[in-house]
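# After the sequence you'll find the predicted model.
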Amino acid sequence: MKIKNVSWWTLGFAIAVAIVPRHSQAEDWTTGGNDVTQGTEYLGSTNAAYVEFRADEVHALRLVPTAGTPQVIGGYSGNTASTYVGATIGGGGTYLYVNSVSGDYGTVGGGRANGTAAYGVVGGGYNNAADASYAAVGGGYFNDVENSYSFIGGGYSNLVTNTYATICGGDDNAASASYASIGGGSSNQVSVNAGTIAGGNNNTVSTYSGGAIGGGAYNTASGSYSVVAGGYHNEASGSYAAVAGGTYCAAASYSFAAGRRAKADDTGCFMWGDSTDADVACPGSNTFNARAAGFWFGSTSSPAHTAGHLIDTSAGAYLTTGGAWTDYSDPAGKHEIVAVEPSEVLATLRDLPLSQWSYVADPPGVRHLGPMADDFHTLFGLGEGNGIAALDSAGVALASVQALDRMIQDRFAHLSRLEARLAQLERARPSGSARNAALPWLIGAILVGAGLAAPALRRRRGGGRS
């Protein structure tokens, strides 16, 4: 049956009523509406022939009976669904570029040269194909889904060849493994199960499952569940490795790299590279490393770096670029300041046990000398915990030096008095036999002076105890 020279409004009306009431054959259908009996009257055919609608003698739509659900074929007359049940072509198609459905319940929405298999969908675009059951292409140009349950949203020349894979768009992207996903971009490839590339260009997820690349260009994630967030020419080649970004960075298993030319090429390594155009590599496994002109650590929200400092802290302590650690000791940061008596500190120091020892974590043969933290805290009441602050030990040493200096000054003063007495005796000494008589007095004075210094010498030789 053919209806000629009708408007699109009329055609729409005709399609709508084709599934409802059949009017009495004795009456004519009018464009102004018809009084029909639901369920018994309809517009259509009573045999197995298809019903065709035309506009200006050009095919617009045909309804083709099949086993159960009819086909709905719109657009170009050459669009085809063979004898597949329930196939739908919404429109589109041209000479030599027809739309086609090659399986039951497949759907092509429009466009041209598009095709789908059973239960598949191509929304539109040009030369797109959903070649497997339950596959879908939203649109775009020259996109192809070759396996079931997979999807391409659009773009150009994208290809999915495995199940449950997705490419949202972009161009020349390829997902060739199950559960692979590419968000967009250009020339990205995922060839391992559950791999993901969000975007960018020329990125690759390969070799082992679960890798992911956020974006950037020429990045590779080839380790199991490895990640490259972005950047340029980065590679996460180890299992569970991560490259945060930057350029020419690499990460081994369980490692992290970021910045410029940072090579976290040992297991469990953290490596940060600053802007220096040179490789910086991990010195060993399970190490934390960073190349930078300065570091800041603290608990405030205002980091600051001082020239000549390699490490700055919010607490005020710092390490110079020459390697000297400097403790913060400004009076402005202190309270409860109490003067000490150096001689008391020295007296306490005499009771501090000293020993040689090795840390449990030290390599064989490495030895240290010093006090134990609990002894230090008990005797001096300084610091806390199981360590000794460098400033505390330095303070004890300085106070002891002051006490010793006082002792030495006292000895020098006494010796000066002895020297003056000796000089007086020298001037008053008689000549000849009288000189010999004065010699015992001189020797006695010298012995007295030496006796005053003897206790200090004995303490020094005896380990500091009186």
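In hand now; what should we look at? Residues are numbered from 1 along each chain as shown.
# wait, is residue 415 part of a helix?
Yes: judged by DSSP: H, G, I helix; E, B strand; the rest coil, residue 415 forms part of a helix.
# Against residue 139, how distant is the residue nearest in space to the middle of the chain?
Among the residues of the chain, the one closest to the centroid is residue 244, at 4.3 Å (C-alpha atoms, centre = their mean). When C-beta to C-beta, to the nearest Å is applied, the distance between residue 244 and residue 139 equals 35 Å. C-beta: built from backbone N, CA, C; applies to glycine.
# which residues does the nearest residue in space to residue 333 that is not next to it in sequence contact?
Spatial nearest neighbour of residue 333, chain neighbours left out: residue 316 (6.6 Å); criterion: C-beta to C-beta, 6 or more residues apart in numbering. Going by C-beta atoms under 8 Å, 6 or more residues apart in numbering, residue 316 touches 328, 330, 333.
# Can you tell me the element residue 316 falls in?
Per DSSP states H and E: residue 316 is located in neither a helix nor a strand.
# ok, it to residue 230 distance?
Computed with C-beta to C-beta, the distance linking residue 316 and residue 230 is 37 Å.
# what about the stretch 301-450 of the chain, any weak spots by pLDDT?
430-450 (pLDDT under 70).
# Please, where are all the strands along it?
According to DSSP state E, counting those that start in this stretch, the stretch 301-450 of the chain carries its strands in the segments 309-313, 318-320, 325-326, 355-357, 368-370.
# The longest one: how far from the chain's middle?
The chain centroid and the centroid of strand 309-313 are separated by 25 Å, computed with C-alpha atoms, centre = their mean, to the nearest Å.
# That strand pairs with which strands?
Each strand paired with strand 309-313, and its direction, by DSSP bridges: strand 295-297 (parallel), strand 318-320 (antiparallel).
# what's the nearest residue to residue 384 if we skip its chain neighbours?
With C-beta to C-beta, 6+ apart as the measure, residue 377 is the residue that lies nearest to residue 384, at 7.2 Å, once sequence neighbours are left out.
# Residue 71 too?
Take residue 71 and drop its neighbours on the chain: the residue closest to it by C-beta to C-beta, 6+ apart is residue 64, 3.9 Å away.
# what's the neighbour count on that neighbour?
Residue neighbour count, defined by other C-beta atoms under 10 Å, stands at 19 for residue 64.
# And the pLDDT for it?
At residue 64 the predicted local distance difference test score is 93.
# residues contacting it?
Applying C-beta under 8 Å, 6+ apart, we find residue 64 in contact with 50, 70, 71, 72, 73, 81.
# Quick check: end-to-end length of stretch 77-85?
One end of stretch 77-85 to the other measures 19 Å (C-alpha to C-alpha, to the nearest Å).
# what do you get for stretch 238-256?
The separation between the terminal residues of stretch 238-256, taken as C-alpha to C-alpha, is 10 Å.
# mean confidence for it?
When pLDDT is averaged along stretch 238-256, the result is 96.
# The residue nearest to the centre of the chain and residue 258: what is the separation?
Applying C-beta to C-beta to residue 244 and residue 258 gives a distance of 4 Å.
# how many neighbours does residue 305 have?
Other residues within reach of residue 305 by the criterion other C-beta under 10 Å amount to 15.
# Surely it and residue 297 touch.
No: between residue 305 and residue 297 there is no contact under C-beta atoms under 8 Å: 11.3 Å.
# what do the two both touch?
With contacts taken as C-beta under 8 Å, 6+ apart, residue 305 and residue 297 have residue 312 as neighbours in common.
# domains of this structure?
Under automatic domain parsing, the residue ranges defining each domain of the chain are 158-292, 309-390.
# now do the same end-to-end measure for the longest one.
In other words, domain 158-292. This stretch, domain 158-292, spans 42 Å end to end (C-alpha to C-alpha).
# State the pLDDT value of residue 25.
pLDDT, residue 25: 48.
# can you give me the helices in the stretch 301-450 of the chain?
Using DSSP state H, counting those that start in this stretch, the helices found in the stretch 301-450 of the chain span residues 342-349, 373-380, 390-428, 433-461.
# how distant is the third one from the center of its chain?
The chain centroid and the centroid of helix 390-428 are separated by 64 Å under C-alpha atoms, centre = their mean.
# buried residues in it?
By neighbour count, with 16 or more other C-beta atoms under 10 Å as the criterion, the buried positions of helix 390-428 are 392, 393, 395, 396, 399, 400, 402, 403.
# Let me have those in JSON lines, extended by distance to residue 36.
Supplementary listing: the buried residues of helix 390-428 in JSON lines, determined by distance: C-beta to C-beta, whole Å:
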{"residue": "392", "distance to residue 36": "102"}
{"residue": "393", "distance to residue 36": "105"}
{"residue": "395", "distance to residue 36": "106"}
{"residue": "396", "distance to residue 36": "109"}
{"residue": "399", "distance to residue 36": "112"}
{"residue": "400", "distance to residue 36": "115"}
{"residue": "402", "distance to residue 36": "116"}
{"residue": "403", "distance to residue 36": "119"}
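# List just the nearest of the residues you listed to residue 361.
Within the buried residues of helix 390-428, the smallest distance to residue 361 is 21.1 Å, found for residue 393 (C-beta to C-beta).
# Which residues are in contact with the nearest residue to the closest one once chain neighbours are set aside?
With C-beta to C-beta, 6+ apart as the criterion, residue 393 has its nearest non-adjacent residue at 7.6 Å, and that residue is residue 376. When contacts are counted by C-beta under 8 Å, 6+ apart, residue 376 touches 352, 382, 383, 388, 392, 393.
# Fine by me, we can end here.
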